[in-house]
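In: compute the structure for the input listed below.
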Amino acid sequence: MTEAHAPRTVVVLAGGISHERDVSLRSGRRVADALAERGHTVILRDPDATLLTFLDETRPDVVWPALHGASGEDGALRALLDVLDIPYVGSQAKAARLAWQKPTAKTLVSRVGISTPQWLTLPRDTFRELGATQVLGLVSRSLGADLVVKPAMGGSALGVGVIDSADDLPRAVVDAYTYGEVALIEQRARGVEVSIGIVDLGDGAFALPPVEIEPRSGVYSFEARYNAGETRFYAPARLSEEITDIASKAALVIHETLGLRHISRIDLIIDDSGTPWFLEANVLPGLTETSTVPQGILAAGFSLGSVYEQLSELAITEASAQRD
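Out: Modelled structure (predicted):
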């Protein structure tokens, strides 16, 4: 991990127009600073109408998309980078689309035998056309009242509601619609909440130490994620060696099932029996000072700059191999 690499020109994309703009700016700055400290020329860019022309004219060695939300994680930007033939860190467009759509990811993961909470999707139009009372009554009958409601596409816990009463379901669904046209309603899994980062530094993907999440409020909300002191993290998680191994293997299987590459984050609940329950996969995990993947990197004994550098080199090497 201390091997020196030739200086590269890296464009870090951060900001964008999604609801997660501020988080993206924080992630992008952390990546940019870490790479600059390793001697690379880093250009931090907020995407706009001039971006594609800029990339085509300057031809950087690699792009680091630190864009959270749809603008960076739904696959569209990655497909355009493929057209430009510019290497970039992270999953390719097809895999990004699969992981970005939470119901699709849950379906694929459940097919390989990994547990995920039972769920329903509820488009806004269905909610309106068939009547909120009738629709939500059926949802409660099917799933119960101990539920998590979230946008079917989105991140940073925006629009997520955790409820234990059917009376709270209408408001939770409406809140989810603030961030997307489809709500995902799932039974609440209870246990130890962990995030497991997956990285590939050139010799194949592997799991970083699980990071245990213990929010003071009991819910890992947007505020709990990004406000220092609102959540206690344990890196590595307080799990037995056996359960750590089970959870890490499950995270790696999920990463591979969804076709992800370079770096991802898999969110799980470990129940009392030691079974990992899949919640969601993140194509571009948060890399802020309170994010779990950087904590996992440090817990594994790596430095952030060396890992981000290795990921950049892998993206360049793979792109070159595809051209040959």
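
In: from here on, just use CA atoms for contacts and neighbour counts.
Out: Fine.

In: now the residue positioned nearest the centre of the chain. Nearest residue, chain neighbours left out?
Out: Centroid-nearest residue in the chain: residue 282, 1.8 Å away (criterion: CA atoms, centre = their mean). For residue 282, ignoring the flanking residues on the chain, the nearest one in space by CA to CA, 6 or more residues apart in numbering is residue 265 at 5.0 Å.

In: do residue 64 as well
Out: residue 12 (4.6 Å).

In: would you map out the domains in the chain?
Out: The record's domain parsing of the chain by automatic domain parsing lists 9-91, 119-187, 190-299.

In: the ones you listed: which one's closest to residue 102?
Out: Relative to residue 102, the nearest member of these by CA to CA is domain 119-187, separated by 5.4 Å.

In: tally of neighbours for residue 52?
Out: If you count neighbours by other CA atoms under 10 Å, residue 52 ends up with 15.

In: of all the helices and strands in this structure, which has the lowest average confidence?
Out: Least confident helix or strand, the chain: helix 222-226 with a mean of 62, by mean pLDDT, DSSP states H and E.

In: partners of whichever helix or strand comes after that helix, with directions?
Out: Using DSSP states H and E, the helix or strand that directly follows helix 222-226 along the chain is strand 231-234. Take DSSP bridges as the rule and strand 231-234 pairs in its sheet with strand 211-215 (antiparallel).

In: who touches the partner strand?
Out: Strand 211-215 has contacts (CA atoms under 8 Å, 6 or more residues apart in numbering) with 192-196, 220, 224, 230-238, 292, 295-296.

In: one more time with 6 Å, if that's ok
Out: The contact list for strand 211-215, computed with CA atoms under 6 Å, 6 or more residues apart in numbering, reads 193, 194, 195, 231, 232, 233, 234, 235, 236, 237.

In: list only buried entries from those residues.
Out: Buried by 16 or more other CA atoms under 10 Å: 193, 194, 195, 231, 233, 234, 235, 236, 237, out of the contacts of strand 211-215.

In: columns distance to residue 116 on top of those, output as CSV?
Out: Listed next are these as CSV, based on distance: CA to CA, whole Å:
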residue, distance to residue 116
193, 13
194, 14
195, 15
231, 24
233, 23
234, 23
235, 24
236, 23
237, 20
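
In: ok, those residues vs residue 88, which is closest?
Out: Closest approach to residue 88 among the buried ones among the contacts of strand 211-215 (CA to CA): residue 195, at 23.8 Å.

In: across the sheet, point out what pairs with that closest one.
Out: Beta-bridge pairing of residue 195 under DSSP bridges involves residue 211, residue 267.

In: how close does it sit to residue 294?
Out: Distance from residue 195 to residue 294, counting by CA to CA, to the nearest Å: 11 Å.

In: for residue 59, same thing?
Out: 28 Å.

In: looking at those two, which is more packed in?
Out: Neighbour totals were compared for residue 59 and residue 294, and residue 294 leads with 23 against 17 (other CA under 10 Å).

In: returning to that earlier point: ramachandran coordinates for the residue nearest to the centre of the chain?
Out: Per-residue torsions, residue 282: phi -110, psi 120 (degrees, to the nearest 10).

In: where's it relative to residue 72, distance?
Out: Distance from residue 282 to residue 72, by CA to CA: 11 Å.

In: ok, now residue 214?
Out: Between residue 214 and residue 72 the distance is 28 Å, computed by CA to CA.

In: that older thread, mind putting the contacts of strand 211-215 into TSV with pLDDT and distance to residue 88?
Out: Output for the contacts of strand 211-215, formatted as TSV (pLDDT from 0 to 100; distance: CA to CA, whole Å):
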residue	pLDDT	distance to residue 88
193	94	30
194	97	28
195	96	24
231	84	32
232	91	33
233	92	30
234	95	31
235	95	28
236	96	29
237	97	31
